[in-house]
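S.K.: Dropping the sequence and predicted coords here.
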Amino acid sequence: MGEIIEYHRNGQIKERGTTVNGMLDGEVSSYSETGALLQKATFQEGILSGPTTIFDDKGGMIQRMNFSAGLLDGQMIVYNEGIKQLVATYKDGLLNGDMFNYDENGQPKARSQYKTGKLEGESFWVDKNGTLIRKSQYHAGKLNGETIEYYPSGKMLERSQYLNNQLHGEVTKYSEDGKVKERLFFKDGKPCPPPQAATRRS
């Protein structure tokens, strides 16, 4: 096992780590020209494998993630000035599982579900008070199924149907007292007449 050290032009350490058989192996730290720690990464036989943490020049954490055989694997967390902004789960380099988004104050803003890198299942969005404002169904990365939008009061504002990211079916708009304001119909993203009632056979 050996040690590798690279320097900035001003003499400050730029990178420090260990090697095995000439390849990075173990923890590798990277520094700014002022000596601030910018990144700590873990390698195995020259490939990212294990925890990696990225810092700003003030020492605050920006991003924390995990790698396996060079691919993101496990939870990734993103911060802005110490406030959590994103939590996502990866498997084999692809988003897989829940993703949570947060606002500038660290309050929940949205939750989505992924499968092998594509949106799959139900996604939710909330306002700054945590009130649900929208939920949508996805399949294979596209809007497929029902999307519902809500008034700040929690009452339903609009219900619509999608097929492969296009409006397809009925769109119903509601007043805040629950009454239907308007009904529209779409096919493949384009407005169309309402479907005719099936004719009974005599």
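M.R.: Everything's here; your move. The model shown is predicted, which means the values in this text are computed figures rather than measured ones.
S.K.: mind checking how far stretch 187-195 is from the chain centre?
M.R.: 32 Å (Cα atoms, centre = their mean, to the nearest Å).
S.K.: Need the CA coordinates for that stretch. CSV is fine.
M.R.: What follows is the C-alpha trace of stretch 187-195 in CSV, where atoms were taken according to Å, rounded to 0.1, in the frame of the first residue of the first chain:
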residue,chain,number,x,y,z
LYS,A,187,-58.1,11.9,-26.9
ASP,A,188,-54.4,11.6,-27.4
GLY,A,189,-54.0,15.1,-26.0
LYS,A,190,-56.5,16.8,-28.3
PRO,A,191,-60.1,18.0,-27.3
CYS,A,192,-62.8,15.7,-28.6
PRO,A,193,-66.6,15.4,-28.3
PRO,A,194,-68.0,13.5,-25.2
PRO,A,195,-68.3,9.8,-25.8
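S.K.: Now do that stretch: everything it contacts.
M.R.: Taking contacts as Cβ atoms under 8 Å, 6 or more residues apart in numbering, the residues outside stretch 187-195 that touch it are L163, Q166, L167, H168, R183, L184, F185, F186. Where C-beta positions appear, they are placed from N, C-alpha and C, glycine not excepted.
S.K.: secondary structure class for D177?
M.R.: Look at D177: counting by DSSP: H, G, I helix; E, B strand; the rest coil, its state is coil.
S.K.: Can you say which of the contacts of stretch 187-195 are buried?
M.R.: By the neighbour-count criterion of 16 or more other Cβ atoms under 10 Å, the contacts of stretch 187-195 include these buried positions: L163, L167, H168, F185, F186.
S.K.: Now name the helix or strand holding the last one.
M.R.: Put plainly, it is F186. strand 180-187 (DSSP states H and E).
S.K.: what does the average pLDDT come to for that strand?
M.R.: Here strand 180-187 scores 96 as its mean pLDDT.
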